[in-house]
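J.: sequence and predicted model, in that order:
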Amino acid sequence: MATIYYDSDADLKHLKDKKIAVIGYGSQGHAQTQNLRDSGLDVLIGLRPGGRSYESAMSHGFSPVSIEEATKAGDIIHILLPDEVHVSVYDSQIGPHLRKGKTLSFSHGFNIHFKQIVPPDGIDVIMIAPKGPGTLVRSEYQRGGGVPCLMAIHQDASGTAKDTALAFAKGVGGTRAGVILTTFAEETETDLFGEQTVLCGGVSALIKAGFDALVEAGYQPELAYFECVHEIKLIVDLIYEGGLAHMRNTVSNTAEYGDLTRGPRVIDNHTRKEMKKILKEIQDGQFAKEWVMENKTGGVKFNALRKNEKELLLEKVGKELRQKMHWINAK
Ligand code: NDP
Ligand code: MG
């Protein structure tokens, strides 16, 4: 079982006379930074001037400086930029200013684990990764709670990296909900696997296949949309609240029987084998290599795939139907 840390395991004193430089003020940046500040810690924001988030940081009472200045001034440099830009920003504006005794910190392990960034000796390298979007990280903190975090130590030059990481997690609100000890490898590999096979890839492929099967059989696309797309939320909310058991207690007996007898025919041994193959491609670095290359070469394949998906019938039907569903904040 996992090692989980709570409030009483962490002490903010380990960050007391330290300056935390947060690089980036996007989804995670705005949330973590404000939580750290509200926890009484000294935070400085590093941003490129003229960007959209610069204004946002100013409006929240911060005075952002350049990424280089923030790196020079910070004891802890916490990188909250999109993962695809980490390497170029690190190489040009962060790496050259890292000095012995500083801590480099992340909320996702991709670039360290796959050696896209190789930090110098003499610094600590840690990860604090909230398991939720920035909006929730902020709103839960304000409510007095927190979002669970993952924590990992990649390099412990000071011998106190764990104290720093735990204090950081406390500052963000994570120890209020539980901070699970992991490694950069485990966080990165499970994160990629989850999003590829279940959360994003698996769910959207399942939705598309179900929708297509109904439409190809001559049913109205609007009904197919309700049955295979819209109602996913209802089911997911029940699972989120009380696991599969709560979902099954709530749906009809007919639905539950259909679930238990037909579900395993949809996700069968072939799918399970394919999942293992996908996991292997993550573990041996094949996926990382492909994704890094895709970004380096202008994302041609990525953009083509994105364009295809926008033209799906289920997207058109959904857009139409959602316009009259006023309780949905129509996007
Ligand atoms: P965002 O896409 O929201 O980050 C946006 C920020 O990055 C903005 O401040 C933006 O500045 C800046 N930025 C973007 N490109 C550049 C660039 N080329 N040079 C300088 N600054 C740039 O990132 P997230 O918050 O989503 O993710 C940050 C980290 O947190 C990632 O490692 C991610 O994996 C991790 N994470 C994210 C979660 C999430 O829910 N989003 C959950 C858990 C972890 P500007 O306004 O100038 O464009
Ligand atoms: Mg994830």
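T.: Nice, thanks for sending it over. Ligands and ions are numbered 1, 2, ... in the order given.
J.: report pLDDT for Asp156.
T.: Note for Asp156: predicted pLDDT of 98.
J.: how many residues are close by it?
T.: 16 (other Cβ atoms under 10 Å). C-beta here means a position set from N, CA and C on the backbone, and glycine is covered the same way.
J.: confidence score at the nearest residue to it once chain neighbours are set aside?
T.: Sequence neighbours aside, Asp124 is the residue nearest to Asp156 in space, at 5.9 Å (criterion: Cβ to Cβ, 6 or more residues apart in numbering). As summarised for this prediction, Asp124 has a pLDDT of 98.
J.: i'd like the first residue to be 120 from this point on
T.: In the new numbering, first residue 120, that becomes Asp243.
J.: for Asp243, what are its contacts?
T.: Shown in contact with Asp243 (Cβ atoms under 8 Å, 6 or more residues apart in numbering): 221-223, 272, 274-277, 279-280, 283.
J.: what do you get if the cut-off is 10 Å, keeping everything else the same?
T.: 194-195, 220-224, 272-281, 283-284 (Cβ atoms under 10 Å, 6 or more residues apart in numbering).
J.: phi, psi of Lys443?
T.: phi -100, psi 0 (degrees, to the nearest 10).
J.: quick revisit: among the contacts of Asp243, name the ones in strands.
T.: Among the contacts of Asp243, DSSP state E puts 195, 222-224, 272-274 in strands.
J.: generate a ChimeraX selection restricted to the buried subset of the contacts of Asp243.
T.: Selecting only the buried entries of those in ChimeraX, with 16 or more other Cβ atoms under 10 Å as the criterion:
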select :194,195,221,222,223,224,272,273,274,275,276,277,280,281,283,284
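J.: and whichever residue of the stretch 220-369 of the chain sits closest to ligand 1, helix, strand or coil?
T.: Nearest residue of the stretch 220-369 of the chain to ligand 1, counting by Cβ to the nearest ligand atom: His227, 3.2 Å away. Assigned with DSSP: H, G, I helix; E, B strand; the rest coil, His227 falls in the coil class.
J.: what backbone torsions are found at Gly241?
T.: phi 90, psi -10.
J.: tell me the contacts of it?
T.: 217-221, 274, 276-277.
J.: what about Ala336, how many neighbours?
T.: Count around Ala336 with other Cβ under 10 Å applied: 8.
J.: now Ala129
T.: 23.
J.: and the residue sitting furthest away from the middle of the chain, what helix or strand is that in?
T.: Computed with Cα atoms, centre = their mean, the residue of the chain farthest from its C-alpha average is Gly337, at 38.8 Å. Under DSSP states H and E, no helix or strand contains Gly337.
J.: and if you look at Thr380?
T.: helix 372-385.
J.: after that helix, next one along is what?
T.: Next element after helix 372-385 (DSSP H and E): helix 388-402.
J.: after that next one, next one along is what?
T.: helix 405-415.
J.: now do whichever residue of the stretch 320-450 of the chain sits closest to ligand 1 against Gln402, distance only.
T.: Among the residues of the stretch 320-450 of the chain, Asn414 lies closest to ligand 1, at 11.6 Å counting by Cβ to the nearest ligand atom. Noted for Asn414: a distance of 21 Å to Gln402, by Cβ to Cβ, to the nearest Å.
J.: what sits up against stretch 397-416?
T.: Contacts of stretch 397-416 (Cβ under 10 Å, 6+ apart): 202-204, 206-207, 229-230, 232-235, 304, 307-312, 315-316, 320-321, 418-422.
J.: list the buried residues in that stretch.
T.: 397-398, 400-401, 406-407, 410-411.
J.: ranges for the strands of the stretch 120-269 of the chain?
T.: 123-124, 138-142, 161-165, 195-198, 222-225, 243-249, 268-274 (DSSP state E, counting those that start in this stretch).
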